[in-house]
Each structure stands twice: as C-alpha cells, then as structure tokens.
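Engineer: Return atomic coordinates for the entry below.
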Amino acid sequence: MRCIPFRYRANSDETSGDEQKKLVEVLMINSQSGPGLLFPKGGWENDETVEQAAAREAIEEAGVRGDIVQFLGFYDFKSKTHQDACCPEGMCRAAVFALHVKEELASWPEQSTRRRTWLTVPEAVSQCRYQWMQEALVTGFSNWHDNWSKGGGGKDCDSV
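Structural biologist: Just a heads-up that it's a prediction; the model follows:
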C-alpha cells in the first residue's frame with residue numbers, strides 16, 4: 001500500500017489565469033536503499049484498514065497527517081525483497097491512495113532517515129524511482145485530481 005500525499009500552494013504564475021490560483025504539489029521521500037524518490041509505503045496491521053495503514057505510513061515515513069480522499073487503483077511491480085520459491089518473479093501489487101495533507105509535523109518517527117520533498121506533479125514524475133510510481137502519479141493521481149478539482153468526483157475509498 002502507498003499513498004500520494006498532496007497539498008495546495010499559491011500559484012505565482014501570473015499567466016495561469018483566475019481558475020488556477022492554487023498549484024497542487026505532491027510529497028515524496030528519499031529511498032533508504034538507493035537514489036530516487038518514493039511515496040510513503042508499508043503494510044497494514046490486522047486491526048486497521050488499508051486506508052488507516054496508508055495514513056499511518058504517511059505519518060511514520062513522511063511526517064504528514066491528512067485525509068485519505070481517494071483510492072487511485074492497484075499497481076503491479078517487481079520486488080527483489082519478495083522473490084521466493086512461491087513467487088520467483090517477485091511480483092507485488094500496491095493499493096495507492098491520495099492523501100490530502102492537513103498538517104506537516106515538526107518531528108516524526110523516521111525523520112532521521114527520511115527527507116521530505118514537495119514537488120509539482122511534472123517534477124515528481126521526473127524524480128520517481130520506479131516506472132510504476134510514475135504511472136500511479138500520471139494515470140491515477142493526475143487523472144483523478146483533474147476530475148476532482150472540477151467537481152467531478154468526491155471521496156471514494158470503498159472500492160478497495
């Protein structure tokens with residue numbers, strides 16, 4: 001499970017027009033195992049929903065608190081750490097959610113090993129460590145956000 005934390009900030013682009021007063025930014029964190037940036041991720045405990053787990057991981061890894069506003073889809077990827085006799089290909093499936101950030105914490109559990117970076121969506125696409133995360137950002141988050149910001153979609157986390 002992963003979440004794409006996002007926020008709005010004032011758009012300083014004078015040519016953008018009245019309808020784009022705010023710019024959406026997504027939050028990425030550094031990987032502990034190599035170059036590139038990632039979105040907060042993790043598993044979930046038996047006593048929590050996948051949405052609660054996504055929100056918890058955002059707090060633990062990125063130090064942000066917010067509301068899960070949308071299930072963006074399932075994305076398949078190959079994992080070296082999950083290769084075993086049962087699954088030699090190491091294929092995994094991540095449920096990805098959009099998390100609207102309400103609070104950025106001054107301290108959080110993984111702050112000694114994680115660096116937060118706020119990026120525009122195009123910047124984030126170019127910084128994603130993995131292709132499947134780029135896909136989640138473009139086909140999942142961007143498509144949903146464009147529709148949602150025009151009033152076309154609300155909270156829909158019941159589909160997981």
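
Engineer: In a helix, Gln134, correct?
Structural biologist: Yes: according to DSSP: H, G, I helix; E, B strand; the rest coil, Gln134 belongs to a helix.

Engineer: so what pLDDT did the nearest residue to it once chain neighbours are set aside get?
Structural biologist: Of all residues beyond its chain neighbours, the one nearest Gln134 is Cys128 (4.6 Å), with distances taken as CB to CB, 6 or more residues apart in numbering. The way it works is simple: take the backbone N, C-alpha and C, and place the C-beta from them, glycine included. Among the per-residue scores, Cys128 holds a pLDDT of 90.

Engineer: Check the one 3 residues further on too.
Structural biologist: We note a pLDDT of 90 for Gln131 in this prediction.

Engineer: Is Arg9 in contact with Val26, as I believe?
Structural biologist: No: in this structure Arg9 lies outside contact range of Val26 using CB atoms under 8 Å: 11.6 Å.

Engineer: Any regions of the chain where pLDDT drops low?
Structural biologist: In the predicted model, the chain carries pLDDT under 70 at residues 13-21, 79-90, 152-160.

Engineer: All the helices of the chain, residue numbers only.
Structural biologist: With helices called from DSSP state H, the chain shows them at 50-57, 121-127, 131-135, 143-149.

Engineer: May I see the buried residues of the shortest one?
Structural biologist: By 16 or more other CB atoms under 10 Å, the buried positions in helix 131-135 come out as Trp132, Met133, Glu135.

Engineer: before we move on, what about the first one?
Structural biologist: By 16+ other CB under 10 Å, the buried positions in helix 50-57 come out as Val50, Glu51, Ala53, Ala54, Ala55, Arg56, Glu57.

Engineer: Quick one: those as CSV, columns for distance to Asn30 too.
Structural biologist: Formatted as CSV, the buried residues of helix 50-57 follow (distance: CB to CB, whole Å):
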residue, distance to Asn30
Val50, 24
Glu51, 25
Ala53, 21
Ala54, 19
Ala55, 21
Arg56, 19
Glu57, 15
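
Engineer: which one among those gets closest to Val96?
Structural biologist: Ala54 (8.5 Å; CB to CB).

Engineer: From Pro40, how far off is the closest one?
Structural biologist: Remark: distance between Ala54 and Pro40 (CB to CB, to the nearest Å) = 8 Å.

Engineer: and what of Thr120?
Structural biologist: 18 Å.
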